[in-house]
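Asks: Sharing a sequence plus its predicted fold:
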Amino acid sequence: MSKCKSSESVKVVIRCRPSNRKEETGSSGGGIVEMDVRLGQVVLRNPRAPLTEPRKTFTFDAVYDASSKQRDLYDEAVRPLIDSVLEGFNGTIFAYGQTGTGKTYTMQGAWLDPEKRGVIPNAFDHIFTHISRSQSDRQYLVQASYLEIYLEEIRDLLDPNHAHARALELRENPESGVYVRDLTSCVCKSVKEIEEVMNVGNQARSVGATDMNDHSSRSHTLFLITVECSQPGPDGRKHIRVGRLNLVDLAGSERQAKTGVRGERLKEAAKINLSLSALGNVISALADGRSGHVPYRDSKLTRLLQDSLGGNAKTVMVATLGPASPHYEETLTTLRYANRAKNIQNQPRVNEDPKDALLREFQSEIARLRAQLNHRKGRDKHRKEEGDGESWDGEGGEELDGAEEEVEKEGREYVKQQEQRLEQEKEAIREDHSLLAEEKQRLLGEKEKMMGNLRKEQEATEQLTAKYKAMESKLLVGGKNIMDHTNEQQKMLEIRRQEIAEQTRREREMQQQVLVRDEETLELKETFSSLQQEVEAKTKKLKKLYAKLQCVKAEIQDVNDEHVRSRQELEQTQNELTRELKFKYLIIENFIPPEEKNKIMNRLTFDTEEDQWKFQPLVPAESKFSKMKKRPTSAVGYKRAISQFARVAISMGAHSRYKAENIMFLELDVTPPTPLPLDRPPGDQPEDSPSQDSPQRERAARVRKSRSWCQAPRTITSSSSNISLATHTTTTPTAAQ
Ligand code: ADP
Ligand code: MG
C-alpha cells in the first residue's frame, strides 16, 4: 500500500491583501507589513513602538503581497500539490488568518472572473484537464464532498436538510485514516458538475456579518475531492491509486472584542477560538517534536486534519494577513502560527490499491452488466441463426467487444423482424378456414403471448443498456483530447509556467540559504591589519549581536504577552461557560424532579470513539419491534385480550361486555323499613319476626342495595360465586317479608 515513504515539511506561504476602503480613509497610520517577494520574507512593524525598535522578520516558503495574482499563488504553491494528488498522494490546503484578511478570497475568489478565481476553481480545472490529457489506458473516478464544522458539530453541506440533520460522526480506520461517517459523496464527471456541487454547499454554509467582514465565515469548511485512478501496472493487472484533496477554509481567528459580536455570535466565536487554539496546540506539539502526545482529539477540526498535520499528506498552509495597523497583534499571531507550522514534518505516501476504492466496485459492476448484455446479444444471435423464434434457451457465452449501441440496435431490429413474422403468422391463422374457431383463438393467444415476451425481453435489455451506460459514463477515460492542437499548445504553456514557478521557488530557496551562510561565514573571513581595525570590527559585531539580543528579548516579551492574552480570552470563555452551566443547574434543581434527573443520568454513556457523552436509547434497538409484534396469548382469536370469566360468559350466551366489569347490583333498595317498637319488653316478640332474624335481614338489605343496574335478576346455576350471590340476594328479602 505504501510507496515513496519519505518525510517532507508543511509548506507555508503568506498572503497580504490590499487595503480596503475603510482602512484607506481611516486614520490607521499606514501599512505595517512589508514583503520581500524575492527572498520570501515578511517584515512587520509595530505601530505603537518607537522607530528605533527593530522590526520583526519572518521567512517562509513564499510570500504574496497585495499586488499578487491568484494565478501566481496557484501555479507556485498549489499546482505541485494537486499534481501529487493526481498521482495518489493525500493533499491539504488550508487558509488560516484573521477574519476579513482574504481566506475565502484565496480559496474561492470570484468564480466568474478568470483573473480572480481562487484555489478551488483552479484546482477543478486542473484535475479535469489532467484527466482529459492523460493516456487512454487510465480510468478515473472523481468524487466530491462538502462539510462544515459549526459549533463543534460536523454538518454535511450536500445534505438537502442539513440544518436539521444529526451531526455526523468521525471514525478512524487504519487504511484511510480519519473519515466522516455517512458523508454525502457525489461522483462528478466534469468541471461543471463539481462546480454545481460547490454551489449547492456554499448556499448552505453558515455565514454572518461581523464588524470586520459582512460575509464572515462562521464555520470551518472542508471541500473534499477524491480522485481514483486505475492504470495497468507492469504485472498486467490494473492498479488503483487514490488521492484525497482537502480544501479547508478556516473560520477567522478574530478577537471577540474587535468583531463586536454578542449572544449567539459570541458563542460561535468562543467555539471557533477554542478549535483554533486546539489547532495551535497541535501545531506547537508537532513543531516542537519533543512532546510525544499530540492533542488531535481536542477538537473536531484537529481530528479531521490529523493526517494533514504530521501524517500521510502533503500540506500547504496559506496564512492571510491584513495590512492595517489596528490588527498588529493578530497579524503577529498569524505570523508566529505560520512560522511554527513550517517545522511540521509529514510522511506522505501513495495510496495504492486500497480495499475501499469505489472505482473497483464500479469496474466490477460494469463488467457484470457487460457480461449480461453480451449474454443477451449472444442469445439473440443464436436464435437468429436457428431461425426459430420459439427457442428461448440458447446460450451465448462468446465475448463480444462491440459497442452497446450496436447491441441495442441489433436487438431492436431483431424484435421488429420477429413482430412482423408473428403478425404474418397470426394473419395466416385467421385466414386458415380449416381450423376450428376455438383452435384459432388458442393459436392467436399463443402468438400474442410470444409477442408480449419478446417486448418484455427487449425492454429488459434496454434498461440494462441504460444502466451500463450510466455507470460507464461516470468513469472518465484519459486520452480524449490528446490530439487537439490548441490543447497541446495550452499544455506546453502550462508546463512552461510550471517551470518558471519552479525556477522562482528554487531561486528564493538559494537566496535564503546564501543569506544564512553569509552571516555564518562573515567572522571567518575577517582578518585584521591593525588593533584599531579589530576593535572597530568587534564593536560593530557587538552592536549587531546586541541588536539580535534585543530582538530575542522583544520576542520573548511578545510571546508572553500573547500567552497572557490568550489566557485571558480562555478565562473569559470559561466564565461564560460556567455561567451558562450554573444557569442550567439552576433549572435542573428547581424544575426537574430528582427521579427524572436520575433517569436521564442513568441513560448517559461515554462514547470513547467520539470522545463525548451520549444518551442510550429508551428501548433497546433489537427488542423494540419484537416486543411490539407479539400479541398476548389471551388475545389469540379475539380482537383484544380477554379474561377467563368473559370467555365463560360468552360461551354461556350472556352479554359478556359488562359481566366482566361489574358484577354487583347497584339498584337502590326501595323496601320500606320495618319499625321495631322500642318499649316492648324482652321476650315479647311476634312469632313471624324472631329477634335472631334481625341481623340477617339487615345483611340482606345491605346486599340488595348493590344490585346490578343492567341485569334482571335470574337464576343461573353457574360455577361463578358472584352470580349465585345475585340470585341469593333477590330471594332473601322476599322470604323475610
Ligand atoms: P475571510 O474569508 O478571511 O474572512 P474574505 O476572503 O471574505 O475574508 O475577504 C474579505 C474581503 O477582502 C472580500 O471583500 C475580498 O474580496 C477582499 N479581499 C481579500 N483578499 C483580497 C485580495 N488578495 N485582493 C483583493 N481583494 C481581496
Ligand atoms: Mg471567509
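Replies: Arrived safely, thanks for sending. Ligands and ions are numbered 1, 2, ... in the order given.
Asks: For the rest of this, base every contact and every neighbour count on C-alpha atoms.
Replies: OK.
Asks: what about the strands in the stretch 301-450 of the chain?
Replies: 314-321, 345-346 (DSSP state E, counting those that start in this stretch).
Asks: In terms of mean pLDDT, which of those ranks lowest?
Replies: Among the strands of the stretch 301-450 of the chain, strand 345-346 has the lowest mean pLDDT, at a mean of 89.
Asks: Please list the residues outside it that contact it.
Replies: Here strand 345-346 makes contact (C-alpha atoms under 8 Å, 6 or more residues apart in numbering) with 7-10, 286-287, 308-315.
Asks: at 10 Å instead, please
Replies: 6-11, 286-287, 289, 307-315 (C-alpha atoms under 10 Å, 6 or more residues apart in numbering).
Asks: about what we covered before: could you say which of the strands of the stretch 301-450 of the chain is packed most deeply?
Replies: strand 314-321 (a mean of 27; mean count of other C-alpha atoms under 10 Å).
Asks: where does the stretch 251-400 of the chain have low pLDDT?
Replies: 253-273, 291, 379-400 (pLDDT under 70).
Asks: Please identify the helix or strand for the residue of it found nearest ligand 1.
Replies: Closest to ligand 1 within the stretch 251-400 of the chain is Gly252: 5.8 Å, counting by C-alpha to the nearest ligand atom. Per DSSP states H and E, Gly252 falls between elements, in no helix or strand.
Asks: Was I right to think it contacts Thr221?
Replies: No - contact criterion C-alpha atoms under 10 Å: Gly252 and Thr221 do not qualify, at 11.6 Å.
Asks: on that earlier part again, excluding chain neighbours, what is closest to the residue of the stretch 251-400 of the chain closest to ligand 1?
Replies: Nearest non-adjacent residue to Gly252, counting by C-alpha to C-alpha, 6 or more residues apart in numbering: Thr99, 4.1 Å away.
Asks: quick one: pLDDT of the one you found?
Replies: 86.
Asks: Also the one 3 residues further on?
Replies: In the prediction, the pLDDT value recorded for Gly102 is 92.
Asks: That one: what's it in contact with?
Replies: Gly102 neighbours (C-alpha under 10 Å, 6+ apart): 15-18, 95-96, 108-109, 252, 319-322.
Asks: Nearest to Ser136 among these?
Replies: Gln108 (31.4 Å; C-alpha to C-alpha).
Asks: That closest one: what's it in contact with?
Replies: Applying C-alpha under 10 Å, 6+ apart, the residues near Gln108 are Gln70, Gly102, Lys116, Arg117, Gly118, Val119, Ile120, Pro121, Asn122, Met198, Leu247, Asp249.
Asks: Val648: neighbour count?
Replies: 15 (other C-alpha atoms under 10 Å).
Asks: Can you say which helix or strand has the residue nearest to His293 when sequence neighbours are not counted in it?
Replies: Nearest residue to His293, sequence neighbours excluded (C-alpha to C-alpha, 6+ apart): Ala285, at 7.4 Å. Using DSSP H and E, Ala285 falls within helix 263-288.
Asks: Arg166 against Leu183, yeah?
Replies: No - using C-alpha under 10 Å, Arg166 is not in contact with Leu183; the gap is 11.5 Å.
Asks: Overlap in contacts, the two.
Replies: Ile154, Arg155, Asp156.
Asks: Next one: the last one relative to His162, how far apart?
Replies: With the distance defined as C-alpha to C-alpha, to the nearest Å, Asp156 ends up 6 Å from His162.
Asks: higher neighbour count, the two?
Replies: Shown here are Asp156 and His162; by other C-alpha under 10 Å, Asp156 has more neighbours (27 against 16).
Asks: how far away is that one from Tyr150?
Replies: Taking C-alpha to C-alpha, one finds Asp156 at 11 Å from Tyr150.
Asks: Then Lys11?
Replies: 27 Å.
Asks: about what we covered before: between the contacts of Gly102, which is closest to Phe362?
Replies: Of the contacts of Gly102, the one sitting nearest to Phe362 (C-alpha to C-alpha) turns out to be Gln108, at 31.2 Å.
Asks: Quick check: pLDDT value at the closest one.
Replies: Gln108 is given a pLDDT of 91.
Asks: what's it sitting at in phi/psi?
Replies: Backbone geometry at Gln108, expressed as degrees, to the nearest 10, gives phi -110, psi -50.
Asks: Show me which residues of the stretch 101-250 of the chain sit near ligand 1.
Replies: For the stretch 101-250 of the chain, the residues in contact with ligand 1 (C-alpha under 6 Å from any ligand atom) are Thr101, Gly102, Lys103, Thr104, Tyr105, Ser216.
Asks: Which parts of the stretch 451-600 of the chain are helices?
Replies: Under the criterion DSSP state H, counting those that start in this stretch, the stretch 451-600 of the chain contains helices at 485-525, 531-591, 594-603.
Asks: Can you tell me which residues in the chain are near ligand 1?
Replies: Going by C-alpha under 6 Å from any ligand atom, the residues of the chain near ligand 1 are Arg17, Pro18, Ala66, Thr99, Gly100, Thr101, Gly102, Lys103, Thr104, Tyr105, Ser216, Gly252.
Asks: Report whether Arg244 is found in a strand, as I expect.
Replies: Yes - counting by DSSP: H, G, I helix; E, B strand; the rest coil, Arg244 is found in a strand.
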